[in-house]
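Chemist: A predicted structure for the sequence below; I have some questions about it.
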There are 2 protein chains.
Amino acid sequence: MEFNQALDKLKEVDQKVHALNHAEAIISWDAATGAPKNSVEGRAITLEVLTSETFKTLINDEFNDLLHTLEDKKDNLDPITLAKVKEYRDEYNRIAKIPAKEYSAYTGLRAKSSNAWEKAKANNDFKEFAPYLKEVVAYNKRFAEYRGFEGHPYNTLLGDYEKGYTTDDLDDFFGSLKETVVPLVKQINESDVKLKTDFLSKYYEKKTQLELSDKLLDIIGFNKDSGTLCESVHPFTTNFNKNDVRITTHVHKNNFTSNIFSTLHEGGHGLYEQNVRDDLNFSILCSGTSMGIHESQSRFYENLIGRSYAFCEYLYPTIQEMFPEQLSSITLDEYYLGINNVQPSLIRIEADELTYSLHVMIRYEIEKMLIDGSIKIEDLPEIWNQKYTDYLGVTPKNYSNGVLQDVHWSEGLLGYFPTYALGTAYASQLYNTMAKSIDFDKDLREGNISNINQWLIENIHKHGKMLSPKEILVSATGESLNVKHFTDYLSNKYSKIYNL
Amino acid sequence: MEFNQALDKLKEVDQKVHALNHAEAIISWDAATGAPKNSVEGRAITLEVLTSETFKTLINDEFNDLLHTLEDKKDNLDPITLAKVKEYRDEYNRIAKIPAKEYSAYTGLRAKSSNAWEKAKANNDFKEFAPYLKEVVAYNKRFAEYRGFEGHPYNTLLGDYEKGYTTDDLDDFFGSLKETVVPLVKQINESDVKLKTDFLSKYYEKKTQLELSDKLLDIIGFNKDSGTLCESVHPFTTNFNKNDVRITTHVHKNNFTSNIFSTLHEGGHGLYEQNVRDDLNFSILCSGTSMGIHESQSRFYENLIGRSYAFCEYLYPTIQEMFPEQLSSITLDEYYLGINNVQPSLIRIEADELTYSLHVMIRYEIEKMLIDGSIKIEDLPEIWNQKYTDYLGVTPKNYSNGVLQDVHWSEGLLGYFPTYALGTAYASQLYNTMAKSIDFDKDLREGNISNINQWLIENIHKHGKMLSPKEILVSATGESLNVKHFTDYLSNKYSKIYNL
């Protein structure tokens, strides 16, 4: 293929893929926020056609030739085109090396496996799900073989979500967490300090809760002309382009801070998407660069801002005013301590800031062993329960609250979990650098997020997919992932809260 | 192309076109119901890619060959495949005979023309819009030449919206309307009877109005598991498939019956879509057969049910209970007369049941002359005003409330307007037949819509696009369009109301 022809064709493909992604994303958004019950079948049919159209557009010899043509003259490419070529090459390699028949069989398996998991969880029956999980793991192992890997086969899967990271990185990372956080949790479990939390589970009216989330979005600078907030069962963020970013929250009437932290969390994801540089808009590059970097933004707004004392100083009087009946007798300190209460529990998505990463660590340790074959599926529940007992001091009494709690494995998302913990750690590392130039506490006490936003836009958001997660972290903080920023943050914060 | 190969390929094309239509429809639905302000550009980009993808799928030599292959052996086709072939052949012919360059230039013109119309309407300046309208009309005339026509060139345009109808049909139809309705309106204008309407424009709380529309959907049997009701500026209906039908209403706080009749109107469209036979679902055939037949359903629920005395007997006590402050002193008769008040006005979309078709007639008369070249664009405002004066007894004082009021012409929708009046007339003809087997008044007094629904499902809804509008009308009522059913209905109803 001729160079100029390849350039034109790449633009065309990029536009088409962007449009198909937009269509798929809005159909999924609608499914979670407003679609009627019986829409399931029609949505599945349409999504299958659209994804297969994307597949046909990207995975074919002509497109491979096109990429080769551009790769051969990569010195002649502008930086955006070069980044697109890299992105599409990754996508091509992810799929093209897998025999088409196996790939399509795997797609079918994932659908069946998700259904089986849903039933198994409802019936608290691990055996129902085990054969599907076994097959999903087998496919992922085989795919890693087809695609090739260096070191551990898990590296290939991990790379789909957090490019450039390996089991060596994660072993170090989770090793340090284990050393620091496990004993810290143990100390807290044994501590006499009991924080007041009963006021959090009073009845809080839905309408006022939604007014509060609306205010929060204004405070953190989410652009409501370029995005919306809706309700869904599980909060999430999706983006069609930088001017159309959708986030959701869920209101629990007897757990009102859930809505606050969901809004801040998804708002953080949303800000990232809204602030990618303009010239990447409507292309494959206009989105967060990785799951981990995305999570660093959501956790930054949720934890480093939302659960900080300084931000509570600013926000709590407003919250108190909105819910006078429930909160007039609760002091600022009681509120701050209440939302930072540590309570080791069985369920990851309900975990507090301190114990959250331990839930993720357990999944990482298990996934690695599943992929290298050092454990059997049948032994999974026992291994799961043992790790919860060892690291968190709690033991699941059934499968639904234990090994069956997460949807991820049923959908084949092996290698995804670690990004939750990596992102949380990145956030602390970013904070550490940011604090050198921004008076964080002063700004937060005044509800002034603009300096923080500006810093994140300049160092993270604007790059979109132009830089890899490792490149972004180094360019923003001057160093690779350094877990110490995270463990220090946790130790300092929770030692203080629990008088350790 | 081989016969079996053509069959398989048709299925594939039909699935793809259905999926692309689903995607386009949901993006447009979202635009009207929830999208943020800045989403405009991204939506336009995506819709352009999706429509061009549909175009590429349908308008090419290979697909033409495929259709020929199947048309050559049409006796071997099952009825559904045959209907699909006809449908896609119509679509092919509609576009393929037009030189590609002109078609694409016209698409660009429509976008510019819509913008120009919007500004012209806001500025009350016909001259701003006139050059665009001139070009739009010229393109439509040229397209009719390319595509070929019998009799009047307008027939080709009309056929896009109401297949099988010609200017001869419409001249007869509107001729009869003019003879009956124009003098009736004149009599009412001169009548001493003045109906009480002040209670309609009191303040009615939005929340309760929405509860009422929700109840109305249950009453008429709209399946909420297979559809939703949302709010939008202009009410409309869209369908992704028979199990996912979206309708909207608009709440005016000082015009509470607007919401009632919008809900019944869109609910009627929605019922049609939900009740197409199952084996057409997810295909091009799973939708109402024409604009006119669609409008017959919406007008049936809005007017023949919603504005009937018997239905008011059933519904009004509920409405009164929901709005005791506003309605406790208003009797059933006052309510019935109030919602059937005739008030000739300048604006089509605000017109009452009696005068509505005259607004449409004016547009038809003008469109026909525009296409055969017997009037000049410059003279349009004067002609428009004269017709309003002659037929309705009211004269526009400015362009915005006159010739610039409708979006249709700016978007190239010439030939569309007549379907609004045809549909309303079909509704009366259907009622006339239905009343032979159903005790309409008794059912409505009891709020029992099931016999009516069953009749419409059997005679209209279930057929989807398997029958043409003319075929459906004959199969349902035993005769072609007979305007007398409509004019008799109007004469009887309004003579009684106004003691004529």
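Modeler: Okay, I see it. Residues are numbered from 1 along each chain as shown, chains lettered A, B, ... in the order given.

Chemist: how near is whatever residue of the stretch 251-400 of chain A ends up closest to chain B to residue B:101?
Modeler: Of all residues in the stretch 251-400 of chain A, residue A:282 sits closest to chain B, at 5.5 Å by Cβ to the nearest Cβ. Yep, even glycine has a C-beta here, placed from its N, CA and C like the rest. Noted for residue A:282: a distance of 26 Å to residue B:101, by Cβ to Cβ, to the nearest Å.

Chemist: Look up the closest residue to residue A:359, ignoring the ones flanking it.
Modeler: residue A:348 (3.9 Å; Cβ to Cβ, 6 or more residues apart in numbering or on different chains).

Chemist: Surely the one you found touches residue A:406?
Modeler: Yes. The pair residue A:348 / residue A:406 is scored as a contact, 6.7 Å apart, by Cβ atoms under 8 Å.

Chemist: Find residues that contact each of these two.
Modeler: Overlap between the contact sets of residue A:348 and residue A:406, as judged by Cβ atoms under 8 Å, 6 or more residues apart in numbering or on different chains, is given by residue A:363.

Chemist: How many residues are close by the residue nearest to residue A:359?
Modeler: 17 (other Cβ atoms under 10 Å in any protein chain shown).

Chemist: Let me see the contact set for it.
Modeler: A:356, A:359, A:360, A:363, A:405, A:406.

Chemist: switch to 10 Å and redo it
Modeler: Residue A:348 makes contact with A:355, A:356, A:358, A:359, A:360, A:362, A:363, A:405, A:406, A:417, A:420 under the criterion Cβ atoms under 10 Å, 6 or more residues apart in numbering or on different chains.

Chemist: From those residues, pick the one nearest residue A:131.
Modeler: Distance to residue A:131 across these (Cβ to Cβ) is lowest for residue A:406, with 18.1 Å.

Chemist: Show the backbone phi and psi for that closest one.
Modeler: Main-chain dihedrals, residue A:406, degrees, to the nearest 10: phi -100, psi 150.

Chemist: Same question for residue A:261.
Modeler: Here residue A:261 shows phi and psi, under degrees, to the nearest 10, equal to phi -80, psi -30.

Chemist: quick revisit: my guess is the residue of the stretch 251-400 of chain A closest to chain B contacts residue B:39. True?
Modeler: No. Using Cβ atoms under 10 Å, residue A:282 is not in contact with residue B:39; the gap is 11.9 Å.

Chemist: What residues does the stretch 201-350 of chain A have near chain B?
Modeler: Those residues of the stretch 201-350 of chain A that sit near chain B, judged by Cβ under 10 Å from any Cβ of the partner chain, are A:223-228, A:230, A:239-246, A:274, A:281-282, A:286.

Chemist: If we use 8 Å, what do you get?
Modeler: A:223-228, A:230, A:240-241, A:243-244, A:281-282 (Cβ under 8 Å from any Cβ of the partner chain).

Chemist: Going by neighbour count, which of the residues you listed are buried?
Modeler: In those, burial by neighbour count holds for A:223, A:226, A:227, A:228, A:240, A:241, A:243, A:244, A:281, A:282, counting by 16 or more other Cβ atoms under 10 Å in any protein chain shown.

Chemist: Pick the one among the residues you listed closest to residue A:120.
Modeler: So of those, ranked by how close each gets to residue A:120 (Cβ to Cβ), first place is residue A:240, at 34.1 Å.

Chemist: so what does the host helix or strand of that closest one touch, helix or strand wise?
Modeler: Counting by DSSP states H and E, the element that carries residue A:240 is strand A:237-241. Packing contacts for strand A:237-241, counted by 3 or more Cβ pairs under 8 Å, 6 or more residues apart in numbering or on different chains; DSSP states H and E, involve helix A:3-33, strand A:244-249, helix A:256-274, helix B:40-58.

Chemist: again, only using 6 Å
Modeler: helix A:3-33, strand A:244-249, helix A:256-274 (3 or more Cβ pairs under 6 Å, 6 or more residues apart in numbering or on different chains; DSSP states H and E).

Chemist: Looking at the ones you listed, spot the one closest to residue A:105.
Modeler: Short answer: helix A:3-33, nearest of these by Cβ to Cβ, at 21.6 Å.

Chemist: Next, the buried residues of the closest one.
Modeler: A:6-7, A:9-10, A:13-27, A:29-30, A:32-33.
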